[in-house]
Every structure is written in structure tokens, then in C-alpha cells.
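Visitor: Build me a model:
(2 chains)
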Amino acid sequence: MGLRIYNSLTNQIDEFIPIEDGKVSMYNCGPTVYDYFHIGNARTFLVADIIRRYLEYKGYQVKFVQNFTDIDDKIINRANEEGVSASQLSSRYIEAYFEDSEKLGIRPADVHPKATDHIPEIIQLIERMVDKGIAYEVDGDIYYRIHKFLDYGKLSNRKPEDLLSGARVGIDKRKENPRDFDLWKNVKPNEPSWSCPWGCGRPGWHIECSAMAIKHLGESIDIHAGGQDLQFPHHENEIAQSEVLTGKTFARYWVHTAFLRIGGNRMGKSEQNFIFVRDALKDHSAEAIRHFLVSAHYRSPLDYNATSLSDSDSAIRRLNNCLERIGPYSELADSEVSTSDSEITRAAAEMLTNFELAMDEDFNTALAMGEIYKLVGHVNRFLTQEKLIQVDRVALGIAYQSLIKVCMVLGIYSELESIPNGNTQLVDQLMELVIDIRNDSRLRKDWVMADKVRDRLHEVGIELRDTPSGTNWEWRGD
RNA sequence: GGUGGCGUAGCCAAGUGGUAAGGCGGAAGUCUGCAAAACUUCUAUACGUCGGUUCGAUUCCGACCGCCACCUCCA
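Guide: Below is the predicted model:
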């Protein structure tokens, strides 16, 4: 069985067949850079990141493009409030995007195009639409005639005639049809503008994605992703603009990520109920935040609440404890010892199979993670046996590598945190000394001293564990 | 008014036409000088309500209730 993806265009789960065998082109609608991004935004970036990772895991060569919307009303307003230029403001938040996403373990896209770097391409598309009679000018604004595109509404399942009743938008009398949308906005005072055949102005929102996707990925792309809110009108309009010009299917698979909720409502900038990723990262590891975000299927709304992230902290800790314990056997995984009849090897293989089955079925990360934790439990149970023979060690090494492989796809594993700015070798030696001295106290049954050492180390972020085979320590962070 | 989604244990969250993955939390135990970590056992006669189809439904159909979102910018 191959990969199947829920396609918003067909409203069903479709078998995934890329345009070109072995290759995937993918476009994700990125942030409008007028502020830091919050956990809700992170959900869609993360989903795209995981889809990309999983496609690569399956052996596809992926070209992934995610744009920055760096010119729009919110950016202009915020820039004017702060007395800086729109480009200064957007540069600042583009930089912040890279900082935060890197900390979250989101890999940079292959291309991060900016709208303002594509003005000529945008103008060219608009000119072609004007020439074809699809677009028209009113007072320097250019609008798209939606009735010229017969398929308008196919993505969001809307009929053009239904779009008005109940709509909350005020009607612009200058438009031929109230649903026509702007491709280009005429210049206004205190706004950045670019010259164009109709005077000066700036691009509308939707046209930038058509221009950038076509430029960097071609006229037909495999996967187009984004938040649920973009399905209409943004993605619908992208389709209308692109397909009316190219005559080709703009994107074959449309992937929409459901909202992150908080207190039962959508987490959103306008609701003032968001949590910035950079703030969440102060209290939680990137792995824990990712664990939380992939704990639900991407098409289900996920509720954020005060305990969700700390639940994920605990879950990640247990995963890491397991990985630490079997990490030392990793190198044995390539050895010649036959492990074909080992229960751990079988369990690891089963986990991989089930992980892939789960991910193949529309990226079911929640199910996939369940499979990971089944193996974690199995391995932990196995480790309680008294003696491990070589076959067992090799099998554990295989289990380790299997776990690492899939955890990398979900991004819930990274190298252990080392002591910041620490001289690892020196710290190791000092810890050996401290533990040695403490164990002398324990031999003398000087529990007061032994506990004092343990408590004081705990205060600086080091955790001690007395086991039958000696005392271990681990850096837990401040 | 139109369109779509959601309602599963204390919490989070998968899932299937034949009687419920996983995580967190909780309880008891093993281990330990005590901890920590780990492990063991237990923790939903039941999946919003009411009908229908079926040998059998949480899973299909219908109605209803509750909640959310999109139709204006929002990932």
C-alpha cells in the first residue's frame, strides 16, 4: 500500500501519485510577517515539515517552497505605528521566523520566496489576465472576474451564487460582481508601491502565491498545503488565477490543517488568545511542543490547554529515557549476529511497518506515535531482564536505530541536550569524583550527606540515579 | 442563509460493522537506605441523544442536541 492523502479538492482520501515519478513538488503558504508566529501557526508549518520529511523517508526527492507574505495591510499598519518601513518590519519578523522555526526543529524550505521579490512576475500574470479579459481595472485597482472561471468554488465547495447571502463583507459597488477579488491595489498615501502599467500600487494577497508557486515549482504542483482558513478564499483564488491562465491543474493535492484551539476557540491573532512559539520554548523543549502538536491528526482540531504541554514533557522524557538506555547498543546494529528470532527485532520491525501504515494513511501522526510508544514499552520491559546476551544487545541496537529513524520524521527526538558552554570532559571527570565521594558516604550510611549532594546537584540541573550497577547522572537543564 | 468540522475514560487523543491504540494523570506493588528512573497490575459494559438498517453499530443511515470554523484579514 502506498501513500494516501485527504485531498480537499476531491473531499476524499486519494492515492498519492506524483506528476513525476519519484519527485514531489510542494508549496506551503507561509506566514505574513508582521509579528512572531504562535503555536497555532506552528501547527501548519510543522505539518508541512512532517509531510516533507515523510515523503523523503519514503524515498521521494522533494522540492519544498514556503513563502513569506511581506507586503499587506497588517504589515503596513504595524510599520506605520512603529515608524519603520514595511520592509524593515517584515525583515525583522522573517529573521524571527527562522530563529523560532529552527528552535522548533522545522527545517528551512528549499526556497523561501518573498512577495516583494516577485513583483515583475506578479505584474506579468495580471497583464495576461487583463489581456484575456479575465481581469479589469477600476480606478487603478485590478479585479478578477470570477464568472470567467467556470470552476470557481471547486476547492471550497461553494457556488458563486451562494457566496453573497449571509456574507459579512460590505459590498464594493465599483466591482462588476461583489465576489470579484483584487489582484492589484492602487497606491495610497503612506504605502509602499511599485510602478506598473496601470500606475503605481501593490499586489493583492492571492496573486503572490500563484506567481511564486509557478515560478519555483511550475504550473502544476503536487501538493499545496496551508491552514484551514486559507481554503477560502485564498486557495480558491489561487486556483482561479493560475488555472485560467495555464489551463492546467494548479495543484493536485490540497492539504488543509485544522485549527489549534484554546479554551474551545480558535487560537488566532485577532482573538488575542495566542501563545508565541518563542514563549512556549522557554518552558518546554522543542520535542515536547512537537509531540503535543502531532498528538492529534492534522485534520482534527486540537485543543491547547495548560496541561497539554506538560503531559508531552513527561511523554518525551520517557521516550528519551528509553533511547538513552539502548543508545549504547546502536553500533552493534550492523553486526553480523543473527537476530531474526529475537522478540525485540520482531517488535522493532512491526513498529516500522505500523508506523508506515499509519503515516501512509493521510499522515496519521497520532497513530504512528502510538506505535512508537508500544515499542518503547516493549524495550523497557525487556531491559528488566537480568542478563543480556550478545544477540539481545544487537537487537536493542536495531530497536534504537528503528526508533531514531521514525522519531526523526516526527521530530520528537534530537541529540541529548548537553551542558551549555560546558567542558564535557571536565564535567564528566568532576561528576565521577562527586559520585565517588557520595558513594563513600552511602557506604558509611551517611544518608544526610548523600542526600545533600543529590539535592544540590538537582538544584543545578543534574539528576542522580542509584542503580544496582552504579550511579548514573543526567543533565536535565535549569 | 450557504459550506465544512467536531462531540470516545479524570485529561489529551487514535480507531473499527463483531464489542475500544497510545500518551498523561491516579491507585497498588517490585526495585531503592530514601529517592529518581524503569517495570508489573488496575484505572471506558462503552464511544453526545433518540430512532432506523443489520445476526450484530461506537463505527452505516436519519433526526435532534451541544460546540467550533469558513463565507472580511488570520496558519
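
Visitor: And the residue of chain A closest to RNA strand B?
Guide: Ranked by C-beta to the nearest atom of the strand, the top residue of chain A for proximity to RNA strand B is residue A:227, at 1.6 Å. Where you see a C-beta, it was placed from the backbone N, CA and C, and this is true even at glycine.

Visitor: Please work out which residues outside stretch A:334-353 touch it.
Guide: The contact list for stretch A:334-353, computed with C-beta atoms under 8 Å, 6 or more residues apart in numbering, reads A:371-372, A:374-375, A:378-379, A:382, A:390-392, A:394-399, A:402-403, A:405-406.

Visitor: ok, now with 7 Å
Guide: Contact with stretch A:334-353 is made by A:371-372, A:374-375, A:378-379, A:382, A:390-392, A:394-396, A:398-399, A:402, A:406, as judged by C-beta atoms under 7 Å, 6 or more residues apart in numbering.

Visitor: rewinding a little: the residue of chain A closest to RNA strand B: what's it in contact with?
Guide: Counting by C-beta under 7 Å, 6+ apart, residue A:227 has contacts A:44, A:256, A:257.

Visitor: again with residue A:356
Guide: No contacts exist for residue A:356 under C-beta under 7 Å, 6+ apart.

Visitor: Check which helix or strand it maps to.
Guide: helix A:343-360 (DSSP states H and E).

Visitor: from the middle of its chain, how far away would that helix be?
Guide: 24 Å (C-alpha atoms, centre = their mean, to the nearest Å).

Visitor: how about it: buried residues?
Guide: Across helix A:343-360, burial judged by 16 or more other C-beta atoms under 10 Å covers A:344, A:345, A:347, A:348, A:351, A:352, A:354, A:355, A:356, A:358, A:359, A:360.

Visitor: Could you tell me the average pLDDT over stretch A:453-465, please?
Guide: Mean per-residue pLDDT for stretch A:453-465: 89.

Visitor: Span of that stretch from start to end?
Guide: 12 Å (C-alpha to C-alpha, to the nearest Å).

Visitor: which other residues reach that stretch?
Guide: Counting by C-beta under 7 Å, 6+ apart, A:434, A:438, A:471, A:472, A:473, A:474, A:475, A:476, A:477, A:478 sit against stretch A:453-465.

Visitor: Wasn't residue A:158 part of a strand?
Guide: No - assessed with DSSP: H, G, I helix; E, B strand; the rest coil, residue A:158 is coil; it does not lie in a strand.

Visitor: and it, what is it in contact with?
Guide: The neighbours of residue A:158, taking C-beta under 7 Å, 6+ apart as the test, are residue A:232.

Visitor: residues touching residue A:205, list them.
Guide: A:69, A:72, A:234.

Visitor: List, out of those, those positioned next to RNA strand B.
Guide: The overlap between those and the neighbours of RNA strand B (C-beta under 7 Å from any atom of the strand) comes to A:69, A:72, A:234.

Visitor: which of these has the most neighbours?
Guide: The most crowded member of these, judged by other C-beta atoms under 10 Å, is residue A:69 (22 neighbours).

Visitor: was I right about that one contacting residue A:32?
Guide: Yes - in this structure, residue A:69 is within contact of residue A:32 by C-beta atoms under 7 Å, at 4.1 Å.

Visitor: Now the closest residue to residue A:51 other than its chain neighbours: phi and psi?
Guide: Of all residues not flanking residue A:51 in the chain, residue A:363 sits nearest, at 6.0 Å (C-beta to C-beta, 6 or more residues apart in numbering). When quoted as degrees, to the nearest 10, the phi and psi of residue A:363 stand at phi 50, psi 60.

Visitor: Could you do residue A:340 as well?
Guide: phi -60, psi -30.

Visitor: What of residue A:248?
Guide: Per-residue torsions, residue A:248: phi -110, psi 160 (degrees, to the nearest 10).

Visitor: How about residues contacting stretch A:75-92?
Guide: Outside stretch A:75-92, the residues that touch it by C-beta under 7 Å, 6+ apart are A:32, A:33, A:34, A:70, A:71, A:116, A:190, A:191, A:192.

Visitor: among those residues, which are in reach of RNA strand B?
Guide: Counting by C-beta under 7 Å from any atom of the strand, residue A:32 from the contacts of stretch A:75-92 sit close to RNA strand B.

Visitor: quick one: which of the contacts of stretch A:75-92 has the most company?
Guide: Neighbour counts for the contacts of stretch A:75-92 peak at residue A:33, which has 27 neighbours (criterion: other C-beta under 10 Å).
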